[in-house]
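Student: Curious how this folds, go ahead:
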Amino acid sequence: MGRVNDPASFAALLTDEGRALLDALRDHDPAQELALATRLRREHPADLVSAALAQARLRQRAAAKFGASDAARMYFTANGVEQATRTSVATYRAESFKELGVRSVADLCCGIGGDAIALARAGISVLAVDRDPLTCAVARANAEALGLGELIEVREADVTEVDTAPYDAVFVDPARRGGRGRIFDPEAYSPPLSWAVAAALKAPRAALKIAPGIPHEAIPEAADAEWISDGGDVKEAVLWFGTEPGRMRATLLPGPRALTGRGLPDPEVRPVGRYLYEPDGAVIRAHLVAEVAEQVGGGLLDETIAYVTADEPRPTPYAATYEITDQLPFNVKKLKALLRERGVGVLTVKKRGSAVEPEELRRKVMPKPYGKASATVFLTRVAGAPTMLVGAPAPTPVPR
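Tutor: Residues are numbered from 1 along each chain as shown. Reported below is the predicted structural model:
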């Protein structure tokens, strides 16, 4: 079906007819689109119907990031849905700006306005800048649709030419995707990380959104680096300026819970204990596994693997805790026999430091359920040797 490719065709969705059509499509079934499109084209222009159906599909996709209520009122582009910040993360960052005393932000590379919306809802006035005409039109429409038009000014411009001096803070979200997918070189961002850092250093406060896989050696000394996960999934990294230079931290949402680096040495490697701790991805990206190991009184299974082991359960919000029942050298036949003996019907396979694909192993060791029990298998290395650890999530609840 069709898609919106330019401001003129998008503008048609903002007419009374376009809005009414989108309202009618709010709960439409994509599987029935062909018949639905045929019927609607008897009453509306074909181009408008195609654009409305494309927008309705985007709204349904966006509900996971923005929530069903907001997504049903907002407007999107395909790239905008893909690249926009999840509302929970944007809200957390906006509150962080607010706590720093920020009252106005220049949001550079604003996209469809996800971060600008969160900032405005925190009571912060926003200049939202993007160079793409359609993206600006969508961001402007979103500000109006959510009743935030008075706090959000959308400007179509090259962000490198915008004077940010009148604003308390700068937020930059460089494009990290190109025609061939994700961009891993920070200097290949648009605009490059070096430009964004220079812009940040000119402002009283600033935050730069970057890929969570950024090498630590690429982080400027003046930056306060934060890795953010939401529900256990790492979403992004942020370089803050005007806060605490050199700080490394992992923030877990919901919460938020924050673990700050203290420059601890790498934990020692030790034998497998009764418990295994799997640090949150943000903790690993922030290089704070040593902080978790200290919390739980544990050490590493292997000097190159971010699994922590200990003899006692010490719940921490920064790692999932598993009770280990068996340790085996990597051997598919032995694992299959063990699972059959235990009557395992639900198997979770995790890996770190292993080339074996979890799905492939699952098919080999458990072609059919052996019973109703559940188990988790960790494919990893212990002191350099390929190893399988079998266990289950520890019953001790993590304190809230």
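
Student: separation between Leu301 and Lys351?
Tutor: 13 Å (C-beta to C-beta, to the nearest Å). Bear in mind the C-beta positions are built from the backbone N, C-alpha and C, glycine included.

Student: what do these two both touch?
Tutor: Thr380 (C-beta atoms under 8 Å, 6 or more residues apart in numbering).

Student: how much space is there between the nearest residue to Ser9 once chain neighbours are set aside and Val172?
Tutor: Leaving aside its chain neighbours, Ser9 sits nearest to Ala51 (5.6 Å; criterion: C-beta to C-beta, 6 or more residues apart in numbering). Using C-beta to C-beta, one gets 31 Å for the distance from Ala51 to Val172.

Student: Look at these two and report which has more neighbours.
Tutor: Val172 (27 against 24; other C-beta atoms under 10 Å).

Student: ok, what's across the strand from the more buried one?
Tutor: Per DSSP bridges, the residues bridged to Val172 are Leu108, Leu208.

Student: and Leu301 and Lys351? which has more neighbours close in?
Tutor: A count of neighbours by other C-beta under 10 Å puts Leu301 above the other of Leu301 and Lys351, at 27 against 15.

Student: shouldn't that one be in contact with Val269?
Tutor: Yes - using C-beta atoms under 8 Å, Leu301 makes contact with Val269 at a distance of 7.2 Å.

Student: Which neighbours do these two have in common?
Tutor: Common neighbours of Leu301 and Val269 (C-beta under 8 Å, 6+ apart) are Ala383.

Student: shaky segments in this protein?
Tutor: Residues of the chain meeting the criterion pLDDT under 70: 1-5, 177-181, 396-400.

Student: residue boundaries of the helices in it?
Tutor: Assigned by DSSP state H, the helices in the chain fall at 7-13, 16-24, 33-40, 46-66, 68-71, 78-83, 87-99, 114-121, 133-145, 193-201, 281-285, 289-296, 332-342, 358-365.

Student: deepest of the ones you listed, which one?
Tutor: Sort the helices of the chain by mean neighbour count, taking mean count of other C-beta atoms under 10 Å, and helix 114-121 sits at the top with a mean of 26.

Student: can you list contacts of that helix?
Tutor: Defining contact as C-beta under 8 Å, 6+ apart, one finds that helix 114-121 is touched by 65-66, 70, 84-85, 87, 90-91, 93-94, 97, 105, 107, 110, 126, 128, 139, 142-143, 146, 148, 151-152, 154, 171, 173.

Student: what do you get for stretch 373-385?
Tutor: Stretch 373-385 is contacted from outside by 269, 272, 276, 301-302, 304-305, 307, 322, 327, 329-330, 335, 339, 342-354, 356, 358, 361, 386-393, using C-beta under 8 Å, 6+ apart.

Student: Narrow those to just the buried residues.
Tutor: Buried members of these, counted by 16 or more other C-beta atoms under 10 Å: 269, 272, 276, 301-302, 305, 307, 322, 330, 335, 339, 342, 344, 347, 349-350, 352-354, 361, 387-391.

Student: The residues you listed in strands, which ones?
Tutor: 276, 322, 344, 347, 349-350, 387-391 (DSSP state E).

Student: JSON lines for those, including distance to Ala290?
Tutor: Formatted as JSON lines, these follow (distance: C-beta to C-beta, whole Å):
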{"residue": "Leu276", "distance to Ala290": "16"}
{"residue": "Tyr322", "distance to Ala290": "20"}
{"residue": "Val344", "distance to Ala290": "34"}
{"residue": "Leu347", "distance to Ala290": "31"}
{"residue": "Val349", "distance to Ala290": "27"}
{"residue": "Lys350", "distance to Ala290": "21"}
{"residue": "Thr387", "distance to Ala290": "22"}
{"residue": "Met388", "distance to Ala290": "26"}
{"residue": "Leu389", "distance to Ala290": "21"}
{"residue": "Val390", "distance to Ala290": "26"}
{"residue": "Gly391", "distance to Ala290": "23"}
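
Student: Ser190: which of these is nearest?
Tutor: Distance ranking of those against Ser190, using C-beta to C-beta, places Lys350 first at 35.6 Å.

Student: Can you give me the distance of the closest one to Pro191?
Tutor: 38 Å.

Student: residue with max distance from the center of the protein?
Tutor: Most distant residue from the mean C-alpha position of the chain: Arg42, 42.0 Å away (C-alpha atoms, centre = their mean).

Student: how near is that one to Leu14?
Tutor: As judged by C-beta to C-beta, Arg42 and Leu14 stand 23 Å apart.

Student: if we can go back for a sec, widest-spaced pair of the ones in strands among the buried ones among the contacts of stretch 373-385?
Tutor: The largest separation in these, counting by C-beta to C-beta, is between Val344 and Thr387 at 18.6 Å.

Student: Which residues does Val126 form beta bridges with?
Tutor: Val105, Ile152.

Student: How about the contacts made by Val162?
Tutor: 106, 108, 127, 129, 155.

Student: Mind checking which of the residues you listed are buried?
Tutor: Buried members of these, scored by 16+ other C-beta under 10 Å, are 106, 108, 127, 129, 155.

Student: correct me, but the third one touches Glu153?
Tutor: So that's Leu127. Yes - counting by C-beta under 8 Å, Glu153 is a contact partner of Leu127 at 5.2 Å.

Student: State the number of residues packed around the residue lying closest to Asp311 once chain neighbours are set aside.
Tutor: Leaving aside its chain neighbours, Asp311 sits nearest to Gly273 (4.2 Å; criterion: C-beta to C-beta, 6+ apart). Neighbour count for Gly273, taken as other C-beta under 10 Å: 18.

Student: how about Gly273, what does it touch?
Tutor: Counting by C-beta under 8 Å, 6+ apart, Gly273 makes contact with 298, 309-311, 324.
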